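**Student:** Compute the structure for the input listed below.
(chains A and B)
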Amino acid sequence: MQTMHAESAASQEIRIKGLAVSQGIAIGPAFPFGSGLQDVRPRKVPEAEIEAEVQLLTQAIESAKRELTLIGEETQERLGERSAEIFEVHKLILDDPEIRGEALRRIREEQLNADWVFLQVVEKYEQSFSHFKDEYMRARMTDLQDVKRRVIRQLQGAAKSPGDGLPGPAVVFAADLMPSETIHLRRDYVLGFATELGSRTSHAAILARSLKVPSVVGLGPVCQYLSPGTPVILDGYSGQLILNPAPETLERYEKTRSLYEALSHKLARSRTLPARTKDGKDIELAANIEFFEEVKPAVADGAMGVGLYRTEYLFLMRDVLPTEEEQYEEYVRIIDALNRQPIIFRTFDLGGDKAQRHFHVHQEANPFLGYRGVRLYSEREEVFRMQLRAILRASVRGRVRILIPMISSVSEMRFCRTVLESVKEELRAAAIPFDEEIPFGAMIEVPSAAVSADLIARECDFLSIGTNDLIQYTLAVDRSNRYVDKMYHTFSPAVLRLIRDTIHYGHAQGVWVGMCGEMASDPLATMALIGMGLDEFSVSPVSLLVVKDIIRRVHFDECENLAERVLSYSTADEVENYLSSVFRRKFRDLIINDPNHPLVRREKS
Amino acid sequence: MIEKTFRIKNKLGIHARPAGQLVKVATRFKSAIYISRNGNEVNAKSIMGVLMLEAGHGSEVIIRINGEDEFSALAAIEELIDKRQFDEE
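**Tutor:** Below you'll find the model as predicted:
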């Protein structure tokens, strides 16, 4: 009895909030990542065994190099040559005559164990790196750490990678998962990923989404509270991490998890059915993606194409701009995976600090009103042209459309059209084939573009509404500012009117209108948007099935009536209350009754 | 023995990838090859050594080569640093 008491006192429930980057609920034992390595301590090696110890290190380095070759090949296959280059650098570090020479010499001279000596040698370099002035150079320390861990793991006879070290299904914890570490993970053992650092685009987040396991990043220093086997709940919906959950917490989460499972099982049945209203109106339902890995799962969940391909990834993951050839290869891969279903390429949308690496961006007092999106294109026309060339060349392999971000005036659209036509001319002259009829669209995310959508629609073939920026610009609210974030209302009458007008203006000019912002993924908004006449919904992949389910259960005229009513309200609260009451009445089965898990999810665009 | 001074023109300087390229080129030759910056000389066949120079954009480095194939080694290094600028901008 006494031990039980002691245990429960030691295992208090702890809740930590991070950033949810991949949905789902994982319940299981924690596997803190560093635990793959045992402590390295100095140990005297008897004279007679010194040469064997030297041999051990040489072998460990050689096996580590073989591992890196494999990882490099896998990475090249998945992400292209440039991404694989870092593993070549890791191999060069292992081959470094200075490191190897010093390590071997010190094993002999100091008669100490190989893992300890290797650690000392590498950490000496790490020290020097940490004093570098150049932040970029300083960041190379992680490469050294990756190499160090790899060799020590070999020496300790541990498994090849932490995934193989997983004793069984577990939630994997790490400071920040390194690419080489995640690539071998035994996938059926990974219940979820949790990291101390990271963002939506960090490696762990991308991998988690492609594996469809829950993931929360940016948790801060959590690993210190964990030991292998600590029971945890990782909530990839709310970003909550719960250590040592109390029995009632556990019970509640298990219940929620099974509700989600039952619901997604039920929704999955309509995967292959058309997104068509009961009275026969077809809606184009597509997915927002960022990476090649996301295409296949989205198509499997019934996406009829990609309504927003965010092309920034290639620009952000590297230190140098991607070449035309690299872009072309990546685009072809994605288009081919879609099997002639349409895809909208949003040309690179960089701004603020994201652009700093490639463009000379100055410190701006107000980056959201500053140098971003299409505004970079005139100064860096060659980068824009290169991307257009790559997209055009790839366009012969499928049904490609081009979308320009952050349009705020007709002149910007005309500028982009002129550049597009000149790139086409260049390709014609070189007899390089491309889709002559490639549709060209403007993203409507700035109020000035929304109120003059008729003028902009005359310049293009389609419009796509980006709601996140449209809301923040219309309401003058920065959602990440906690002093005003409560004023960020998706259902503000002002926003709804801009959306209604944009659709109306587009149709009047004979172009179709889609939406790729977060609102398109919001089940609460689906009926109202259908009613306003939206032609295309591009949603986050996890929302595909629920949005389709709603489309299939409504009549177009009832949506029209609902939209009309919604547009008659004067405040966002009135709209939201009305939509919620309709939703509760019509779609009770889609609501999971848990205050921590409202059905409506918000995604960043 | 030959020696030549280079100015690093690519934007990010000799970071991991360019350092790797330089080491790979240097290792192809029999000659002993050294690279120095601000009087700090290291083995150009050691990636750690090269990285430790922290040779950023605009910095000056001296390449010193000694051995039977020193001229072809210098030509290969010139090609990498000056002509190709480490294949970066």
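**Student:** pLDDT at the residue lying closest to residue A:19 once chain neighbours are set aside, what is it?
**Tutor:** Distance criterion CB to CB, 6 or more residues apart in numbering or on different chains; nearest residue to residue A:19, sequence neighbours excluded, is residue A:218 at 4.4 Å. In short, each C-beta sits where N, CA and C put it, glycine included. What the model reports as pLDDT for residue A:218 is 80.
**Student:** do the same with the one 4 residues further on
**Tutor:** With respect to pLDDT, residue A:222 scores 77.
**Student:** on that earlier part again, my read: the residue nearest to residue A:19 touches residue A:17, true?
**Tutor:** No. Taking contacts as CB atoms under 8 Å, residue A:218 lies outside contact range of residue A:17: 9.2 Å.
**Student:** circling back to that earlier point, just want the phi and psi numbers for the residue nearest to residue A:19.
**Tutor:** Backbone torsions of residue A:218, given as degrees, to the nearest 10, read phi 60, psi 40.
**Student:** For it, give its distance to chain B.
**Tutor:** As defined by CB to the nearest CB, to the nearest Å, residue A:218 lies at a distance of 25 Å from chain B.
**Student:** now swap in residue A:88 and tell me
**Tutor:** Distance, residue A:88 to chain B, by CB to the nearest CB: 6 Å.
**Student:** ok, now how distant is the residue nearest to that residue when sequence neighbours are not counted from residue B:78?
**Tutor:** Once flanking residues are discounted, residue A:88 sits nearest to residue B:20: 5.8 Å by CB to CB, 6+ apart. Distance of residue B:20 to residue B:78, given as CB to CB, to the nearest Å: 18 Å.
**Student:** out of those two, which sits in the busier spot?
**Tutor:** Taking neighbours as other CB atoms under 10 Å in any protein chain shown, residue B:20 and residue B:78 compare with residue B:20 leading, 23 against 14.
**Student:** Buried residues in the helix or strand hosting that one, which are they?
**Tutor:** Per DSSP states H and E, residue B:20 falls inside helix B:16-27. For helix B:16-27, a neighbour-count test (16 or more other CB atoms under 10 Å in any protein chain shown) marks B:16-23, B:25-26 as buried.
**Student:** so how many other residues sit close to the residue nearest to residue A:19?
**Tutor:** Neighbour tally, residue A:218, other CB under 10 Å: 20.
**Student:** what pLDDT, on average, does the host helix or strand of residue A:65 get?
**Tutor:** Secondary structure assignment for residue A:65, by DSSP H and E: helix A:50-79. Averaging pLDDT along helix A:50-79 gives 82.
**Student:** mind checking how far the residue most central in space within chain B is from residue A:493?
**Tutor:** Centrality entry for chain B: nearest residue to the mean C-alpha point is residue B:22, 5.3 Å, by CA atoms, centre = their mean. Distance of residue B:22 to residue A:493, given as CB to CB: 62 Å.
**Student:** Could you do residue A:229 as well?
**Tutor:** For residue A:229 relative to residue A:493 (CB to CB), the value is 53 Å.
**Student:** again with residue A:53
**Tutor:** Separation of residue A:53 from residue A:493 (CB to CB): 75 Å.
**Student:** Looking at the two, which one has more neighbours?
**Tutor:** Remark: of residue A:53 and residue A:493, residue A:53 carries more neighbours, 22 against 17, as counted by other CB under 10 Å.
**Student:** Tell me if I'm right that the more buried one and residue A:104 touch.
**Tutor:** No. Using CB under 8 Å, residue A:53 makes no contact with residue A:104, being 9.6 Å away.
**Student:** neighbours around residue 28, how many?
**Tutor:** Picking chain A for this. Residues near residue A:28, counting by other CB under 10 Å, number 18.
**Student:** switch to chain B, that's the one I care about
**Tutor:** Residue B:28 has 11 neighbours, counted by other CB under 10 Å.
**Student:** where does chain B come near chain A, residue by residue?
**Tutor:** Contact residues (CB under 8 Å from any CB of the partner chain) of chain B with chain A: B:12-13, B:15-17, B:19-20, B:23-24, B:42-43, B:45-49, B:51-52, B:54, B:56, B:87-89.
**Student:** Now, of these, which are buried?
**Tutor:** For those, a burial check counting by 16+ other CB under 10 Å picks out B:12-13, B:15-17, B:19-20, B:23, B:42-43, B:45-49, B:51-52, B:54, B:56, B:88.
**Student:** Of these, which belong to strands?
**Tutor:** Among these, the members falling in strands (DSSP state E) are B:42-43.
**Student:** Give the phi and psi angles for the residue of chain B most remote from its centre, as a check.
**Tutor:** Centroid-distance maximum for chain B: residue B:68 at 18.3 Å, with CA atoms, centre = their mean. Here is the backbone geometry of residue B:68 (degrees, to the nearest 10): phi -60, psi -30.
**Student:** Residue A:232 now?
**Tutor:** Per-residue torsions, residue A:232: phi -140, psi 160 (degrees, to the nearest 10).
**Student:** residues contacting it?
**Tutor:** A:26-30, A:171, A:194, A:226, A:241-245 (CB atoms under 8 Å, 6 or more residues apart in numbering or on different chains).
**Student:** beta partners of it?
**Tutor:** For residue A:232, the beta-bridge partners under DSSP bridges are residue A:28, residue A:243.
**Student:** And it, how close does it get to chain B?
**Tutor:** 35 Å.
**Student:** that older thread, so which other helices or strands are in contact with the helix holding residue B:20?
**Tutor:** Contacting helix B:16-27 under the criterion 3 or more CB pairs under 8 Å, 6 or more residues apart in numbering or on different chains; DSSP states H and E are the following elements: helix A:81-95, helix B:47-52, helix B:70-78.
**Student:** quick one, which of these is packed in tightest?
**Tutor:** The highest average neighbour count among the helices and strands packed on helix B:16-27, using mean count of other CB atoms under 10 Å in any protein chain shown, belongs to helix B:47-52 at a mean of 25.
**Student:** could you give the mean pLDDT of it?
**Tutor:** For helix B:47-52, mean pLDDT is 91.
**Student:** Point out where the stretch 201-350 of chain A drops to low pLDDT.
**Tutor:** Scanning the stretch 201-350 of chain A for pLDDT under 70 picks out A:201-204, A:206, A:210, A:221, A:224, A:317-319.
**Student:** Give me the neighbour count for residue 59.
**Tutor:** Picked chain A for this. Counted with other CB under 10 Å, residues neighbouring residue A:59 total 13.
**Student:** was after chain B, sorry
**Tutor:** Burial measure for residue B:59: 15 neighbouring residues, criterion other CB under 10 Å.
**Student:** With the one 5 residues further on instead?
**Tutor:** The local packing of residue B:64 (other CB under 10 Å) involves 18 other residues.
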